[in-house]
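**Student:** 3D, please:
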Amino acid sequence: MLETERLIISKITPDDLPWLIQMRAPDAVNRYLGGPAMQNADALTKRLPIYIECHDKYGFGFCTMTLKSTGEMIGTSGLQPLEETGEIEVGYNLAEKYWRQGFGYECAMEWLKYGFETAGLERIVAVADPANTGSWRIMEKCGMKYEKTEKHYGMDCVYYAISRSEFLT
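**Tutor:** As a prediction, the model looks like this:
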């Protein structure tokens, strides 16, 4: 479990599946996550064990984010392998009513700190739909640099990265 000023970040569990399906159901939320084809009940039911297995294998993975002030779950974030690249990706997504309040930046920075200072990673990447300016602006605010555009999760993505030394200086 990680904590930020406003968030409690906890390992995702099978009990979180109904909430995850509901949180990612709105078009505004899932349009940058592969759309309804990747964010439906069947797809998320298949994906959840991968999130859980990641924790067991690497000691980190996708997590729920809960507001300290209310106890409400507002999104997911975490570190996970980026498909078959061998790279570790930081990712985040929020229920729409929590956009533009700094939560994406807050959790991304905490995960970068954890990845470099605790997990001992040398490099962390992030990908996003090129139209998702909010996401790649968070990447830039975290100090990540654009490297390329390439396919991930079945769609073209901007690809950002930061090294341990860049983050720690």
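
**Student:** roughly how far apart are Phe103 and Gly75?
**Tutor:** 7 Å (C-beta to C-beta, to the nearest Å). For glycine as for every other residue, the C-beta is placed from the backbone atoms N, C-alpha and C.

**Student:** and if you look at Asp27?
**Tutor:** Taking C-beta to C-beta as the measure, Asp27 falls 16 Å from Gly75.

**Student:** And these two? Which one has more around it.
**Tutor:** The neighbour comparison of Asp27 against Gly75 (other C-beta atoms under 10 Å) goes to Gly75, with 25 against 10.

**Student:** part of a helix, is that one?
**Tutor:** No: if the criterion is DSSP: H, G, I helix; E, B strand; the rest coil, then Gly75 is strand and not within a helix.

**Student:** quick revisit: list the residues that contact both of Phe103 and Gly75?
**Tutor:** Taking C-beta atoms under 8 Å, 6 or more residues apart in numbering as the criterion, Phe103 and Gly75 both touch 65, 92, 94.

**Student:** Filter the residues you listed down to the ones in strands?
**Tutor:** 65, 92, 94 (DSSP state E).

**Student:** Quick one, which of the residues you listed are buried?
**Tutor:** Buried members of these, counted by 16 or more other C-beta atoms under 10 Å: 65, 92, 94.

**Student:** Relative to Gly71, which of those is nearest.
**Tutor:** Met65 (11.7 Å; C-beta to C-beta).

**Student:** Now for that closest one: which residues touch it?
**Tutor:** By C-beta under 8 Å, 6+ apart, the neighbours of Met65 are 7-9, 73-77, 94, 103, 107.

**Student:** now do Trp136
**Tutor:** 128, 130, 146, 158, 160.

**Student:** what helix or strand is it on?
**Tutor:** Using DSSP states H and E, Trp136 sits within helix 133-141.

**Student:** in that helix, what counts as buried?
**Tutor:** Judged by neighbour count using 16+ other C-beta under 10 Å, the buried positions of helix 133-141 are 135-136, 138-139.
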